[in-house]
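Engineer: for reference, the sequence and a predicted model appear below.
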Amino acid sequence: MAAADDGAPLIAVYVLDDETPGQWKRGGASRWWLHHSLESLGADLARHGVTLILRKGRADSVIRQLAREADAQAVYWNRCYEPFARGRDTKLKDALKDEGIEAHSFNGSLLAEPWTLKTRDGGPFRVFSPLYRALEPTLDNVAPLPAPKRLNGFEGGLASDALESWKLLPTAPDWAAGFGEVWTPGEDGAHKRLCAFVKDRAKDYADTRNLPGVPGTSGLSPHLHFGEISPRQVWARVVADVPAGKGRETFCKELGWREFSYHLLYHYEDLPEANYQKKFNQFPWGFDAGAFKAWTRGQTGYPIVDAGMRELWATGWMHNRVRMICASFLTKHLLIDWRKGETWFWDTLVDADLANNSASWQWVAGSGADAAPYFRIFNPVTQGEKFDAGGEYVRRWVPELKDLPAKYLHAPWDAPEPVLKRAGVSLGSTYPKPIIDHSTARERALAAFSSIKEAA
DNA sequence: TTTTGAGTTGTTCGA
DNA sequence: GTCGAACAACTCAAA
């Protein structure tokens, strides 16, 4: 917008930077999304006479190089908040200025940037609710800026990589085959999702968002992550078109949680790697490779957990309610370090986002800011019965159980033998027996938590 | 400064 | 079946 208003010829560039992020280099599912998102962006820009230039390498060096090639007067970008990106972009800004090139950066992806919200003491918020109370009143008029009327493409014949040469898509095996049925990356897909959500789902969101078998959520997370739509656009649209009420309020709060995650990551840079609560450094995590593998493959023997992990693998996304159940299962039932789960999600989620992923894993594990209380250990059977009562979700993702009556679907080991037989289920052969007993696991987790209470 | 109320998402047990 | 209490203690944010 600002770059177009300047009137000067415009170069649009995307830099694939796999060097600066270190271990947080984009994961596999995210690369699938990126490929299609860039394809869509390139086509949109081409319709307006602008060529999208693709370059690869350290973003700061690549941008400086390109600015020199094109003899650019100014460089514009939307700010990133990952610790590695902040350092890089600050250096870039200084370097550009040294060369006499203007550098302008903007807020394109947050409702409020992390340094704009402070407690009365001037510090960062460490609890969600006070942050939200501070955030909400600042959003009375968040009308998005209009799109630029016309774009004036730069005719300089700048070199661009071919998107295919980045090899962002999986080949053999093509584990992303099913993603395209669920997702339409790009700005257009984002706005269609928002429209559908506002029209059909938003008013009942408070209730239906918890039912993984029902399309009750917005599905905007990957679009937001990739900047195909901004939270300000979403907020403005929801406030304008959804009647005030529980549904709207709950959804707006979810946008608030996204802000809270960014706030935490900004102020606590090691959030993705280190326990926010230091006493968790003594937590007796174990690592059972077989159990971890069963979890990743959706073979734990707990249907709701397995359904979630398989949905993740098949679509690059998992329903939020089920993310909590699966994350709780890994950290509390299996006592596996939250960072193992965080890394798995990083690679398999199309909406993989450093702030949301790390803040949420720490929240579930109990090690985070404003975290879930230690005694909140999800019972996968109860959760399944409560939120997937009819069993639609489990039947969809764990088809080997689809003929079981709903009554036994979430605890097939309780089903009488003839019922199993009629449904074609043989525990331990067509579907695994639970890899760990729930109450045993619960007792063990509670004991582990009290061990760090004493240590602290 | 001190005090106070509150803190996303749950489970289990016993009445 | 339903309901309320207990499950730690701590830290946060504001009054």
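Structural biologist: Happy to help now that I have it.
Engineer: and chain A, which residues reach DNA strand B?
Structural biologist: For chain A, the contact set with DNA strand B under Cβ under 7 Å from any atom of the strand comprises A:127-129, A:210, A:253-254, A:257, A:320-321, A:324, A:360, A:363, A:370, A:372, A:375-379, A:382-383, A:386, A:438-439, A:442. Using the backbone N, CA and C atoms, a C-beta is placed for each residue, glycine as well.
Engineer: ok, and which of these reach DNA strand C?
Structural biologist: Residues of the residues of chain A next to DNA strand B in contact with DNA strand C (Cβ under 7 Å from any atom of the strand): A:127, A:375.
Engineer: weed out the non-buried ones from the residues of chain A next to DNA strand B.
Structural biologist: Among the residues of chain A next to DNA strand B, those buried by neighbour count (16 or more other Cβ atoms under 10 Å) are A:128, A:210, A:253, A:257, A:320-321, A:324, A:360, A:363, A:370, A:372, A:377-379, A:383, A:438, A:442.
Engineer: thinking again about what came up before, the residues of chain A next to DNA strand B in helices, which ones?
Structural biologist: Using DSSP state H, the subset of the residues of chain A next to DNA strand B located in helices is A:128-129, A:253-254, A:257, A:320-321, A:324, A:360, A:363, A:382-383, A:386, A:438-439, A:442.
Engineer: all strands of the stretch 151-300 of chain A, in order?
Structural biologist: Using DSSP state E, counting those that start in this stretch, the stretch 151-300 of chain A contains no strands.
Engineer: for it, what are the low-confidence residue spans?
Structural biologist: For the stretch 151-300 of chain A, applying pLDDT under 70 flags no range at all.
Engineer: residue of it closest to DNA strand B, please.
Structural biologist: Proximity of the stretch 151-300 of chain A to DNA strand B (Cβ to the nearest atom of the strand) peaks at residue A:257, 4.1 Å away.
Engineer: excluding its backbone neighbours, what's nearest residue A:101?
Structural biologist: Among residues not flanking residue A:101 along the chain, residue A:67 sits closest, at 5.4 Å (Cβ to Cβ, 6 or more residues apart in numbering).
Engineer: check for me that the one you found belongs to a helix.
Structural biologist: Yes - the assignment for residue A:67 is a helix, going by DSSP: H, G, I helix; E, B strand; the rest coil.
Engineer: contacting residues for it?
Structural biologist: Residues in contact with residue A:67 (Cβ atoms under 8 Å, 6 or more residues apart in numbering) are A:75, A:96, A:99, A:101.
Engineer: pretty sure residue A:209 is touching residue A:203, no?
Structural biologist: No - contact criterion Cβ atoms under 8 Å: residue A:209 and residue A:203 do not qualify, at 11.7 Å.
Engineer: ok so, going back, out of the contacts of residue A:67, which is nearest to DNA strand B?
Structural biologist: residue A:75 (35.8 Å).
Engineer: what about the closest one, how many residues nearby?
Structural biologist: Residue A:75: 21 surrounding residues under other Cβ atoms under 10 Å.
Engineer: higher neighbour count, residue A:209 and residue A:203?
Structural biologist: A count of neighbours by other Cβ under 10 Å puts residue A:209 above the other of residue A:209 and residue A:203, at 21 against 18.
Engineer: need the pLDDT of residue A:455.
Structural biologist: Reading off the confidence values, residue A:455 has pLDDT 48.
Engineer: show me the helices in the stretch 251-400 of chain A, by range?
Structural biologist: For the stretch 251-400 of chain A, the helices defined by DSSP state H, counting those that start in this stretch occupy A:289-297, A:303-315, A:320-328, A:338-348, A:354-365, A:380-387, A:392-397.
Engineer: skipping its backbone neighbours, what lies nearest the residue in the stretch 151-300 of chain A that DNA strand C sits nearest to in space?
Structural biologist: The minimum distance from the stretch 151-300 of chain A to DNA strand C, using Cβ to the nearest atom of the strand, falls at residue A:277 (7.9 Å). Leaving aside its chain neighbours, residue A:277 sits nearest to residue A:367 (5.1 Å; criterion: Cβ to Cβ, 6+ apart).
Engineer: list the contacts for the one you found?
Structural biologist: By Cβ under 8 Å, 6+ apart, the neighbours of residue A:367 are A:275-277, A:280, A:283, A:338.
Engineer: likewise for residue A:12?
Structural biologist: Residues counted as contacts of residue A:12 (Cβ under 8 Å, 6+ apart) are A:45, A:50-53.
Engineer: save those residues as JSON lines, and put in secondary structure too.
Structural biologist: Output for the contacts of residue A:12, formatted as JSON lines (three-state DSSP):
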{"residue": "A:45", "secondary structure": "helix"}
{"residue": "A:50", "secondary structure": "coil"}
{"residue": "A:51", "secondary structure": "coil"}
{"residue": "A:52", "secondary structure": "strand"}
{"residue": "A:53", "secondary structure": "strand"}
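Engineer: looking at those residues, which has the most residues close by?
Structural biologist: Result: residue A:53 is most packed of the contacts of residue A:12 (other Cβ under 10 Å), 22 neighbours.
Engineer: was I right about it contacting residue A:10?
Structural biologist: No - with contact defined as Cβ under 8 Å, residue A:53 and residue A:10 do not form a contacting pair (10.8 Å).
Engineer: per the annotation, how does chain A divide into domains?
Structural biologist: If you go by automatic domain parsing, the domain ranges for chain A are A:2-106, A:110-143+A:187-267, A:278-455.
Engineer: burial count for residue A:110?
Structural biologist: 22.
Engineer: pretty sure it sits against residue A:234.
Structural biologist: No - using Cβ under 8 Å, residue A:110 makes no contact with residue A:234, being 11.7 Å away.
Engineer: what about the nearest residue to residue A:85 once chain neighbours are set aside, which SS state?
Structural biologist: In space, and not counting its chain neighbours, residue A:85 is closest to residue A:20: 6.9 Å by Cβ to Cβ, 6+ apart. On the three-state scheme (three-state DSSP), residue A:20 is labelled coil.
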